[in-house]
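[1] What follows is a protein structure lacking sequence information:
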């Protein structure tokens, strides 16, 4: 039996969080969920997930800054940014921060699972 990779989720809208959990639980073990950037940093330091899926806009700290810090601190192996925005400059900022995946929420049902798998194999967000 293959061990599922551990995932921590950061999303401040409960309905969206429930949908993300539904999409990811078949392939990954969701070890926690948080609703703001500060809690994300604290929980990731404790839980040491393999990957973090984080919303871009959330209270306390945006997902790009949180992702940059998580990767610098070694709190996870990969970060995937989930956002409503399809802005190319936002995707570029995520890549420059070291974030491995970038998925628009409207495309999550088609792309999120693949983006998480790709991030865990070391592919950059430019490839997801």
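    Received the coordinates, thanks. Predicted, not measured: the structure shown is a model, and the values here were computed from it.

[2] what distance separates stretch 89-104 from the centre of its chain?
    Remark: stretch 89-104 is offset 11 Å from the chain centroid, using CA atoms, centre = their mean, to the nearest Å.

[3] Over to stretch 9-19?
    Stretch 9-19 sits 12 Å away from the centroid of its parent chain (CA atoms, centre = their mean).

[4] And that stretch, what's buried?
    Residues 9, 10, 11, 16, 17, 19 are the ones in stretch 9-19 that count as buried (16 or more other CB atoms under 10 Å). C-beta coordinates here come from the backbone N, C-alpha and C atoms, glycine included.

[5] what's the first-to-last distance across that stretch?
    End-to-end span of stretch 9-19 (CA to CA, to the nearest Å): 11 Å.

[6] ok, residues contacting that stretch?
    By CB atoms under 8 Å, 6 or more residues apart in numbering, the residues outside stretch 9-19 that reach it are 20-21, 24, 30, 32-37, 39-40, 52-55, 57-59, 63, 66, 82, 105, 108-109.

[7] circling back to that earlier point, now go through the buried residues of stretch 9-19 and say which are in helices.
    16, 17, 19 (DSSP state H).
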